[in-house]
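*Asks:* Need a 3D model of the sequence below.
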Amino acid sequence: MKPLVLIALIALAACKEDLAEAPDPVDLTPDALSYFCQMNIAEHGGPKGQIHLEGYPAPLFFAQVRDMVAYLKSPERDADITAVYVSDMGIAPSWRQPGISNWIAADGATFVVGANVAGGMGAREVVPFADPADAQAFIEIYGGTALGLPDIPDTEVLGPVDLELSLETPV
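*Replies:* Sure, this is the predicted structure:
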């Protein structure tokens, strides 16, 4: 009977090791570069994203949340994702300056999708909020729909960007 208990304890310990704690978000620095375009994020307004990968010391930063969601939906990644954070635009100082430390876990955020707003790189943006009431107030001004991260349609983040659209830049 004792060998069974020992085996069970070893198995339980192995499972516990697999449940690694997610890394904390990293403050946005003036020299942070966007993963896809390698442009300086500080030069572009709108919400930002960061993805932490297993075995990588620094997160991947994204100048637009739209681009970050596209990365999440892509099957080609360098490593397993350990954490995903987005700017909370409900407490951001402004659209032009979305904040350096107001990160929230993406899986708990409410995203406004389909709003008439341009993100940092000029494409229609997916706008994150910690408080669903802030998302609703944003929708009343700029349109769109409130969705959770897994519900964001591929068509909103993948494929060509129509720069002919007349998108607003929120204040």
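*Asks:* Quick check: closest non-adjacent residue to residue 158.
*Replies:* Using C-beta to C-beta, 6 or more residues apart in numbering and skipping residues adjacent in sequence, the residue nearest residue 158 is residue 70, 5.6 Å away. Where C-beta positions appear, they are placed from N, C-alpha and C, glycine not excepted.
*Asks:* Distance of residue 34 relative to residue 24?
*Replies:* As defined by C-beta to C-beta, to the nearest Å, residue 34 lies at a distance of 21 Å from residue 24.
*Asks:* before we move on, what about residue 32?
*Replies:* For residue 32 relative to residue 24 (C-beta to C-beta), the value is 16 Å.
*Asks:* Tell me the first helix or strand C-terminal of the helix-or-strand element of the chain with minimal mean pLDDT.
*Replies:* Confidence across the helices and strands of the chain bottoms out at helix 2-18, with a mean of 45, counting by mean pLDDT, DSSP states H and E. In the C-terminal direction, the helix or strand that comes right after helix 2-18 (DSSP states H and E) is strand 49-53.
*Asks:* Which other helices and strands does that next one contact?
*Replies:* Strand 49-53 sits against strand 60-62, helix 65-73, strand 81-87, with contacts defined as 3 or more C-beta pairs under 8 Å, 6 or more residues apart in numbering; DSSP states H and E.
*Asks:* ok, back up a step: looking at residue 32 and residue 24, which is more packed in?
*Replies:* More neighbours surround residue 32 than the other of residue 32 and residue 24, with 20 against 10 (other C-beta atoms under 10 Å).
*Asks:* Pull the contacting residues for that one.
*Replies:* Applying C-beta atoms under 8 Å, 6 or more residues apart in numbering to residue 32 gives the contacts 40-42, 61.
*Asks:* again, but for residue 50
*Replies:* Remark: with contacts taken as C-beta under 8 Å, 6+ apart, residue 50 is in contact with 25-26, 59-62, 68, 84-86, 103.
*Asks:* If we ignore the residues flanking it in sequence, what's nearest it?
*Replies:* Leaving aside its sequence neighbours, residue 50 is closest to residue 59 (4.1 Å, by C-beta to C-beta, 6+ apart).
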